[in-house]
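Visitor: any chance you could fold what I've pasted below:
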Amino acid sequence: MSPVLSAEGEKINWINYKTGIRYLSFRMNATGGEATIAIEITQADPHYAQKLYDLFLSLQQMLEKELEEKWNWEQNYENESHQPISRISITLQNCNVFKDSDWPTIISFLKPRIISLDKFWSDHKMIFQMIG
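Guide: I've put the predicted structure just below:
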């Protein structure tokens with residue numbers, strides 16, 4: 001089976017997705033209780049972080065159209081390292097990455113969302129590069 005190429009037709013590391021914008025990451029995580037995919041803004045400069053978040057807000061309708069669902073928007077979220085970040089995410093509850101039988105469910109949850117997020121990013125990343 002050949003790997004899924006990015007929206008731009010390139011090979012991509014889906015697990016460690018590079019946006020090309022410092023402090024802006026797309027993350028996928030699966031634990032013993034849930035699977036999450038998120039857009040995370042980790043910039044220490046609150047003004048720059050606010051610009052990034054506001055830009056996503058201005059594109060919210062287009063993002064949700066590409067994703068075909070609404071995600072959770074949290075401007076003031078505390079990550080696992082207790083750092084304040086902004087996060088746009090969606091979570092699948094009641095799945096366990098340590099149970100082989102849950103893997104198809106987790107993959108079916110994460111895969112179409114990261115592919116849709118990649119398509120959105122391919123179409124809109126130039127806007128984000130302009131404020132960087």
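Visitor: as a check, name the ranges of all helices in this protein.
Guide: Under the criterion DSSP state H, the chain contains helices at 46-58, 60-67, 103-131.
Visitor: chain neighbours aside, what residue packs nearest to Ile15?
Guide: Met28 (6.7 Å; C-beta to C-beta, 6 or more residues apart in numbering). Placement of C-beta: from N, CA and C, glycine included.
Visitor: ok, that neighbour - contacts?
Guide: By C-beta atoms under 8 Å, 6 or more residues apart in numbering, the contact set of Met28 is Trp14, Ile15, Ala35, Thr36, Ile37, Ala38, Leu110, Ile114.
Visitor: my guess is the third one contacts Cys95. True?
Guide: Yes: with the criterion set as C-beta atoms under 8 Å, Ala35 and Cys95 qualify as a contacting pair; they are 5.5 Å apart.
Visitor: which of these two has more residues huddled nearby?
Guide: Applying other C-beta atoms under 10 Å to Ala35 and Cys95 shows that Ala35 carries more neighbours, namely 24 against 19.
Visitor: show me what that one is bridged to.
Guide: Note on Ala35: beta-bridge partners by DSSP bridges are Ala30, Leu92.
Visitor: local confidence estimate at it?
Guide: At Ala35, the pLDDT value in this model is 97.
Visitor: ditto for Met1
Guide: Note on Met1: pLDDT of 38.
Visitor: also Asn96?
Guide: If you check Asn96, the pLDDT there is 96.
Visitor: do the same with the one 3 residues further on
Guide: You'll see Lys99 listed with a pLDDT of 96.
Visitor: next one: phi and psi at it?
Guide: Main-chain torsions, Lys99, degrees, to the nearest 10: phi -110, psi 110.
Visitor: wouldn't Asn79 be in contact with Thr36 here?
Guide: No: look at Asn79 against Thr36 with C-beta under 8 Å: they stay out of range, at 11.2 Å.
Visitor: okay, those two: which has more neighbours?
Guide: Regarding Asn79 and Thr36, a neighbour count based on other C-beta under 10 Å identifies Thr36 as having more, with 18 against 13.
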